[in-house]
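**Student:** One predicted model, sequence on top.
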Amino acid sequence: MPQPLDTALAEVRDLLLDPALTRAVAAGRRRGHIPSVNRAELRPVALKGGPRLQIVTDDGARPYTRNVAPGSEAAAAVDALLAEPFGNWHVETASATVQVRVTKKGDAQVHRAAATTAPAAPQQHDRTKQWLLDPGDPLFAVVGGTAAKRRQVDAFLRALAATLPDDPASLPSPLRVVDLGCGNAYLTFAAYRYLTDLGADVQVVGVDVRDDQRVRNSAVAEQLGCADRVTFVAGTISDAEVAYPPDLVLALHACDTATDQALARAVHWNARWVLAAPCCHHDIAAQLKAGTAPPPYGELTRHAILRERYADVLTDSLRSALLRLRGYRVDVVEFVDSAHTPRNLLLRARHTGAAPTDEQRAEYAALTAQWGVTPALAKLLH
């Protein structure tokens, strides 16, 4: 006999959150509806940090795996999946198997049976993730889930993963993050959700000069259920009041010397990790235009387009050098493919505390003297 769908899904919810769960699969679609992912599979796994509910979703392009903690986090993830218009649910527990099929009229056909096999032990999780943030994550429903945006989020998270320690257990607790010039904050939220998925205790503050962005981003945090952990303030990168010195500083596409302001603030905070994706390099470009290129490099600055491109390279080289002189190890890597944006460099820095060498000081001094430039970051660090 058909029964109300809400009643059947409430039963499924209880089973998915039951410690006796062994496996569950959601697939298919209801009449007139299309889920955001093609399939979802849930099972318990045992991690070093304790038991987790593993959720594997597939959007048709590639699978994504995440592990959520028991309690409110698992409940929120399960509720998000139950809200998807899947046509079928198959749930196995240690004692029973329940199958739910949604009819054309929107009711539920439910079949219940005793378990036919002994429950399997929780699987050890250690499969390589192809997406670092689930394409079906509620974040994408809020900020937009275009393929280009998913790729940018994934590229950013891979850079973040390469910056932080391999063992999440070695992260500070809480891990304090500040995003300077956060804009609409979709990468801010992506960082929070990824780090939380690793099991980290994360506190995030996003800073943007526009108060309407603060209001909008705070509303998104409420919508995503993380307003107690992800907060926003309005103010300039240099002067915004932040409640704590962060461990991790993000500055993604802050324009021109705003990137220098973010880097300077990170250094003054003694931040352990910094990720900065520069955007625009007008300051050094203007200095090159006003000066005379040292021989034999006149061709590098004679034409405006070449001068601008060289200014990009020189600016980020000097930023990297200055960070090294302040005890950071710096890598300059590609952020996202240049087909998606020409502003695709990322400065990835880890504080090691290593003292600068005489050779490093001499190289920096010679480079700035030869070109007759004074980087904005140098002024801000004095």
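**Tutor:** Yes, it's here.
**Student:** Val220 is in contact with Thr188, isn't it?
**Tutor:** No. Look at Val220 against Thr188 with CB atoms under 8 Å: they stay out of range, at 9.5 Å. Every residue, glycine included, has its C-beta placed from N, CA and C.
**Student:** quick one: which of these two has more around it?
**Tutor:** Between Val220 and Thr188, Thr188 has the larger neighbour count (other CB atoms under 10 Å), namely 26 against 20.
**Student:** What does that one show for phi and psi?
**Tutor:** With angles defined as degrees, to the nearest 10, Thr188 sits at phi -60, psi -50.
**Student:** quick one, what contacts it?
**Tutor:** Thr188 makes contact with 179, 182, 204, 206, 217, 230, 250, according to CB atoms under 8 Å, 6 or more residues apart in numbering.
**Student:** again, only using 6 Å
**Tutor:** By CB atoms under 6 Å, 6 or more residues apart in numbering, Thr188 lies in contact with 179, 182, 206.
**Student:** Export those to CSV and append columns for secondary structure.
**Tutor:** CSV is the format used below for the contacts of Thr188 (DSSP: H, G, I helix; E, B strand; the rest coil):
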residue, secondary structure
Asp179, strand
Cys182, coil
Gly206, strand
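**Student:** ok, of those, which one's closest to Leu377?
**Tutor:** If you rank the contacts of Thr188 by distance to Leu377 using CB to CB, Asp179 comes first, at 18.9 Å.
**Student:** If the closest one is in a bridge, with which residues?
**Tutor:** Counting by DSSP bridges, Asp179 forms beta bridges with Gly206, Leu250.
**Student:** Give me the pLDDT for it.
**Tutor:** On pLDDT, Asp179 comes in at 98.
**Student:** got it, and Asp337?
**Tutor:** For Asp337, the pLDDT comes out at 52.
**Student:** what about the chain, any weak spots by pLDDT?
**Tutor:** Low-confidence segments of the chain (pLDDT under 70): 60-62, 115-129, 336-343.
**Student:** Domain ranges for the chain, per the record?
**Tutor:** 5-124, 138-381 (automatic domain parsing).
**Student:** The longest one: how far from the chain's middle?
**Tutor:** Spelled out, it's domain 138-381. Relative to its chain's centre, domain 138-381 lies at 14 Å (CA atoms, centre = their mean, to the nearest Å).
**Student:** Going by neighbour count, which of the contacts of Thr188 comes out on top?
**Tutor:** Those, ranked by neighbours (other CB under 10 Å): first place Gly206, 30 neighbours.
**Student:** Asp201: neighbour count?
**Tutor:** Using other CB under 10 Å, the number of residues around Asp201 comes to 13.
**Student:** what about Gln261, which SS state?
**Tutor:** Three-state call for Gln261 (three-state DSSP): helix.
**Student:** which residues does it contact?
**Tutor:** 237-238.
**Student:** at 10 Å instead, please
**Tutor:** If you count contacts by CB atoms under 10 Å, 6 or more residues apart in numbering, Gln261 has them with 180-181, 236-239, 251, 254, 376-377, 380.
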